[in-house]
Every structure is written in C-alpha cells, then in structure tokens.
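Peer 1: Sequence and predicted model, in that order:
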Amino acid sequence: GQAQAAPQQGSELLPGVKSVIAIASGKGGVGKSTTAVNLATAMAAQNVRVGLLDCDIYGPSIPRMLNLSGQPELVGERTLRPMANYGIKCMSIGFLVAEDTAMIWRGPMVMQALEQMMRDVDWGELDVLLCDLPPGTGDAQLTMAQRVPLTGAVIVSTPQDIALLDVTRGINMFQQVNVPIFGVVENMSYYVCPECGHRAEIFHHGGARETARRLGVDFLGEIPLHLDIRTTSDSGRPIVVTQPDSPHAASYRRIAAGL
Ligand code: ADP
C-alpha cells in the first residue's frame, strides 16, 4: 500500500463526524467487537454522541451484540437511517444480508459497501464514530485503513506472545498509512474465579502493556476474562449497560474516557 496522510475530521465521507476511531486487532477472537461495543456504550453513557460502524463485511457481529435486527429505513433516494440502541447509532452489512449468508464479494465490492455505509448513511452530527475493523493486517485491512477517514486507532490484543506479534504488525500497518495509534487494550488479561477469588493469568498477563511500552505507544487498560462479559456481549446486552456498577464496566468507561 501507498502511504497517505490521514484525512482531517469532517471528511467528505463523514462530514458531521468529529472523530473516527478504528478498533482493530491482529487476529480474530481476541474480543475486538466486544470491546468496541462496550466502549461505545460507555461513551453513550457519558453523553458522547457516538456511532458504531461495523466494517467487518465478512463476519458482522455488531448487530447481535447491540441486540439490533431488521432493516434500516430508507430516507430519500439513497440514504439509510442508521439503526440505534443503547444510545449508539449503528450500521452494519449484517442489516442488509441474512445472518447466515456467506459473503462472496471481492475486494472492490467490499470497499464500495464500506464507502456506502459511510457516505449513504445519515450519521448526523457525531462526536465519535467507532469503526470495528475486520481482524488481521492483510491488504484488505490496509486498504480500509486508507479509505476510512481515521483519526486514530485502538489495538485490542490478548496477552500471549502469539497475539502480541500481531499487535506489532497492526501498529506497523496504521503507521504505514499515517494513522496515529491511540493505544493498546489488553483483553482477557487475567481470570478471577467467581467462586474463590483466585486470580489466574491464563494467557500470560501484562504482555500488551509491555509490547506497548516497547513500541512507544500508550497502554489504555486491561479487561479480564470474565463469564459475564461473554454472556452479556453475546446476548446483545453489553455489560456496561446491564452491570454498570461492575468493575468491568468501570474499566471500559476509563478506557473510553481516555479516547
Ligand atoms: P473478535 O471481534 O476479536 O473476533 P469477539 O468480540 O467476537 O472477538 O469475542 C470473541 C468471543 O469472546 C465472544 O464470544 C465474546 O463474548 C468473548 N469475549 C470477548 N471478550 C471477553 C472477555 N473479556 N471475557 C470473556 N469473554 C470475552
């Protein structure tokens, strides 16, 4: 890919949006979408006007995590009104195709769909649009990082070495296209047994903090591996909304406040 300066706020694609933040990860399954949803709900709770754009064309999971279904309303000729829940405006390809449909689109079609989800959606005025990028650091992600007018990127990782290698790749990818790295979040950082309180560092806690330090980027915080985070996320009732007094919700709020 060719290096290109990050577009300024209020870009042609997203004129009313002050800040566009990518939530990215080097590989799938690290909890990127869960983190994106909980950060978005934390922002909404703080009266930030927030949107969440699901850029994962091949595996959109945001509609389910925000308990959204059905189809967005068409306003005018070709503008879609974003769906909304928990104070978050949301657009996803998942609203436009059946959930169990395999996407066989090629790269250019994906790019077009992505542009339409920015340009042809009535996002209105937003303080922040979080973009849940597809996992990985391949060509597709690089092109997206170039096309989406990003203000900055947050990298989500689990703490084990193999995931951290991907953090380095992810950071390199954004640097190639001059997108500032806002920092790294360590997800599934440790596990506390709900029965006895014993803490187990299943994936080797602290690796993301150490990697961030080594690469000279901020460490934004850690989220433990916890059953309630999984069940709330997978059932469309984010923990920040359903258990606002939990320490997990507080962690998400802390990270969101720093963005
Ligand atoms: P990704 O977007 O990186 O592919 P997801 O957000 O879809 O990952 O998360 C993958 C699975 O892990 C989901 O079932 C989700 O509920 C679960 N999960 C994510 N973060 C946590 C966590 N901190 N504790 C427990 N389960 C989690």
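Peer 2: Cool, the structure landed.

Peer 1: Contact residues of the stretch 101-250 of the chain facing the ligand?
Peer 2: Pro135, Asn187, Met188, Ile223, Leu225, His226, Ile229, Arg230, Ser233, Asp234 (Cβ under 6 Å from any ligand atom). Placement of C-beta: from N, CA and C, glycine included.

Peer 1: And the helices in the stretch 101-250 of the chain?
Peer 2: Ranges of helices in the stretch 101-250 of the chain, per DSSP state H, counting those that start in this stretch, are 107-119, 139-147, 161-176, 207-215, 227-234, 239-242, 247-257.

Peer 1: from those, which stretch is densest packed?
Peer 2: helix 239-242 (a mean of 22; mean count of other Cβ atoms under 10 Å).

Peer 1: ok, His205 - contacts?
Peer 2: Pro159, Glu186, Ser189, Tyr190, Glu222 (Cβ atoms under 8 Å, 6 or more residues apart in numbering).

Peer 1: Tally up the residues packed near the closest residue to it other than its chain neighbours, please.
Peer 2: With sequence-adjacent residues excluded and distances taken as Cβ to Cβ, 6 or more residues apart in numbering, His205 is closest to Tyr190, at 4.6 Å. By other Cβ atoms under 10 Å, 19 other residues sit near Tyr190.

Peer 1: What of Leu53?
Peer 2: Applying other Cβ under 10 Å, we find 27 residues neighbouring Leu53.

Peer 1: go on, Leu66?
Peer 2: So Leu66, with other Cβ under 10 Å, has 24 neighbours.

Peer 1: From here on, call the first residue 17.
Peer 2: Taking 17 as the first residue, the last one we looked at is Leu82.

Peer 1: surely it meets Leu69?
Peer 2: No: using Cβ atoms under 8 Å, Leu82 is not in contact with Leu69; the gap is 12.0 Å.

Peer 1: okay, and the common contacts of these two?
Peer 2: Residues touching both Leu82 and Leu69 (Cβ under 8 Å, 6+ apart) are Cys106.

Peer 1: closest one to Gly92 among the helices of the stretch 117-266 of the chain?
Peer 2: helix 123-135 (13.2 Å; Cβ to Cβ).

Peer 1: Give me the angle between that closest one and helix 155-163.
Peer 2: Helix 123-135 and helix 155-163 meet at an angle of 30 degrees, taking axes from the mean of the first three to the mean of the last three Cα atoms, to 10 degrees as the criterion.

Peer 1: C-alpha coordinates for helix 123-135, CSV please?
Peer 2: The C-alpha coordinates for helix 123-135 follow below in CSV (Å, rounded to 0.1, in the frame of the first residue of the first chain):
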residue,chain,number,x,y,z
GLY,A,123,-12.2,-6.6,-2.6
PRO,A,124,-13.6,-3.7,-4.7
MET,A,125,-17.2,-4.6,-3.8
VAL,A,126,-16.2,-4.7,-0.1
MET,A,127,-14.7,-1.2,-0.5
GLN,A,128,-17.8,0.1,-2.2
ALA,A,129,-20.1,-1.4,0.6
LEU,A,130,-17.9,0.3,3.2
GLU,A,131,-18.0,3.6,1.4
GLN,A,132,-21.7,3.4,1.2
MET,A,133,-22.0,2.7,4.9
MET,A,134,-20.2,6.0,5.4
ARG,A,135,-21.5,8.2,2.7
